[in-house]
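> give the three-dimensional model of this entry:
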Amino acid sequence: SREKVFRETQQMMKKSEKIFFTLLKSELTGQPLLKEEKENLFKNVTLEEWGTIADFATMHRVEPLLFEALKLNPGIPVPKPVTAFLKDRTFQVSMCYYQLVQLTAELVHLLEAHHLSCYVLKGVGLCCLYPKEELRASGDIDIYVPDKDEFQFACRLIAQNGGTEEKGFSNYHCNFQYEKDGMSCELELHRGLCAEYEKKFDRQITSIYEGVPKCAKEYRYPMGISIPVLPTTYSALYLLMHMFQHFMSKGFGVRLLCDWVLFWNHQAELVDMEQFTGWIESLHLEKFLSLVTEICVKNLGLNSKQCKGLTESELVKKNLPEKELESAFLEDLIQGGEFGKWDPKRMLITTRAPGSVTYLRELHRQMKKRFPKACRIVVIWPILWIVTGIAFVYNNIRVRKVSTKEIMDSNEKRNKMVKKMEIFK
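The predicted structure is shown next:
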């Protein structure tokens, strides 16, 4: 019957999911599985289930971590096509990594040669925390230039030195296609570190990041090359905000949780916990922080003893998630894949409860992003609203291949999680 097939499919997914997380945890912590664990977990795993595990790895772009985990745990009966696929993807990610390190170094040198203060976000800076640098998949380069005047100069400088600016709707970074010595990559040059949500929240996050230039610069050394990164406590906040920002859009995926685990397992003692928790409380992100941390402790090897400042803090302990919310959040994270790209019904989560007024507010916000210059002319707002609405419906039908109702239903479902997190209260 249909119900029986559905139950069997769900059971297969749960088993594959457990194996997926167990292997990732083994690689992230560097701890091989016990003989009993391997015997119990990998007994009678079918080719179809291995295919699902490989699909999870692809959806979340963690194929190299899975491949290395299998090398760390010899004797697991993995089908040859799965091993060959993971090996091929690991090679591709590694080659991309070496190229990105070189291009990042070129860009940093270019900016610093003109006395511009900059910080590399995520990417190759985080790779240094992984068991092997080249295991973390990265698709672009993100560089933050906090000074407004220097940011404008940096945009012109990159445009004159191999960068081609691309149209985008972000109000806090500019997109470039950067080419150098036959290599190319996407570059996001940031003037800010977070999208806009609610005015009070936006003002607070802006106020926090204004402190970055006042701190001593810190560096990481991918392939021995000096790369400036955010101060450690600011990095902790940025990693959480990066997850939150993508969660409020389409989703963020398992790879960013891996970043969170490795950051705290290696850098916990360098984080000013009093300052960090103060920021979290001012942004009302206590429940989101607790949710992410709890999932990482249970599934990916976040060391609760080593990271006591985080896992044993009053802020986290007071806001431990309800089981229902934790399950819904984890399911949302897994099914969406990296940045929610595997679920076309996702577009964003509104900061307020779904309804006519909320959707009109969102239409206005999207209009301002789509027409940053024209939106200054108030009298043409009705025309811009109509154009934005038509573009939204057209993209749903032609590009996303979903109905507007499906997108609204998805928002309503995911908005319930945000409401339980009490972020925009």
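
> helices or strands up against the lengthiest helix in the chain?
The longest helix of the chain (DSSP state H) is helix 80-113. Judged by 3 or more CB pairs under 8 Å, 6 or more residues apart in numbering; DSSP states H and E, helix 80-113 is in contact with helix 47-59, helix 63-72, helix 123-127, strand 140-144, helix 148-160, strand 173-180, strand 183-190, strand 227-229. All C-beta spots, glycine's among them, are computed from the backbone N, C-alpha and C.

> mind doing that once more with 6 Å?
helix 47-59, helix 63-72, helix 123-127, strand 183-190 (3 or more CB pairs under 6 Å, 6 or more residues apart in numbering; DSSP states H and E).

> okay, the angle between that helix and helix 63-72?
Angle of helix 80-113 versus helix 63-72, following axes from the mean of the first three to the mean of the last three CA atoms, to 10 degrees, is 130 degrees.

> just give me how far helix 80-113 sits from the chain centre.
Taking the mean of its C-alpha atoms, helix 80-113 sits 18 Å from the chain's own mean (CA atoms, centre = their mean, to the nearest Å).

> out of the helices and strands packed on helix 80-113, nearest to Val292?
Smallest distance to Val292 across those (CB to CB): 15.8 Å, for helix 123-127.

> quick one: mean pLDDT over stretch 42-59.
Mean pLDDT, stretch 42-59: 92.

> what's that stretch in contact with?
Residues outside stretch 42-59 that contact it (CB atoms under 6 Å, 6 or more residues apart in numbering) are Met12, Ser16, Ile19, Phe20, Glu63, Leu66, Ile76, Pro79, Val82, Phe85, Gly337, Trp342.

> which positions in it come out as buried?
For stretch 42-59, the neighbour count (16 or more other CB atoms under 10 Å) marks Phe42, Val45, Glu49, Trp50, Thr52, Ile53, Ala54, Phe56, Ala57, Thr58, Met59 as buried.

> dump those residues to JSON lines, plus distance to Cys127.
Compiled in JSON lines, those are given as follows (distance: CB to CB, whole Å):
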{"residue": "Phe42", "distance to Cys127": "29"}
{"residue": "Val45", "distance to Cys127": "31"}
{"residue": "Glu49", "distance to Cys127": "30"}
{"residue": "Trp50", "distance to Cys127": "28"}
{"residue": "Thr52", "distance to Cys127": "28"}
{"residue": "Ile53", "distance to Cys127": "24"}
{"residue": "Ala54", "distance to Cys127": "23"}
{"residue": "Phe56", "distance to Cys127": "22"}
{"residue": "Ala57", "distance to Cys127": "18"}
{"residue": "Thr58", "distance to Cys127": "20"}
{"residue": "Met59", "distance to Cys127": "21"}
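
> remind me which residues of the stretch 1-150 of the chain are low pLDDT?
For the stretch 1-150 of the chain, the stretches flagged by pLDDT under 70 are 1-13.

> can you pull the contacts of Thr293?
By CB under 6 Å, 6+ apart, the residues touching Thr293 are Val316.

> what about whichever helix or strand it is part of, distance to the chain center?
Per DSSP states H and E, Thr293 falls inside helix 286-299. A distance of 15 Å separates the centroid of the chain from that of helix 286-299, by CA atoms, centre = their mean.

> cool, and stretch 135-147?
So, by CA atoms, centre = their mean, the centroid of stretch 135-147 is 12 Å from its chain's centroid.

> next: stretch 119-138.
13 Å.

> tell me what the helix or strand harbouring Ile390 is packed against?
Using DSSP H and E, Ile390 sits within helix 381-395. The contact analysis (3+ CB pairs under 6 Å, 6+ apart) places helix 381-395 against helix 356-370.

> does anything pack onto the helix it packs on? Which helices or strands?
In terms of contacts (3+ CB pairs under 6 Å, 6+ apart), helix 356-370 is packed against helix 381-395.

> tell me what angle the helix it packs on forms with helix 356-370.
Per the same axes, to 10 degrees, the angle that helix 381-395 makes with helix 356-370 is 90 degrees.

> and the contacts of helix 381-395?
Residues from elsewhere that reach helix 381-395, judged by CB under 6 Å, 6+ apart: Leu363, Gln366, Met367, Arg370, Phe371, Thr404.

> buried subset of those?
Buried among the contacts of helix 381-395 (16+ other CB under 10 Å): Leu363, Gln366, Met367, Phe371.

> check contacts around the first one.
This points to Leu363. Counting by CB under 6 Å, 6+ apart, Leu363 touches Trp385.

> just the pLDDT for it.
For Leu363, pLDDT reads 86.

> quick one on the thing from earlier: give the buried residues for the helix holding Thr293.
Applying 16+ other CB under 10 Å to helix 286-299 flags 286-297, 299 as buried.
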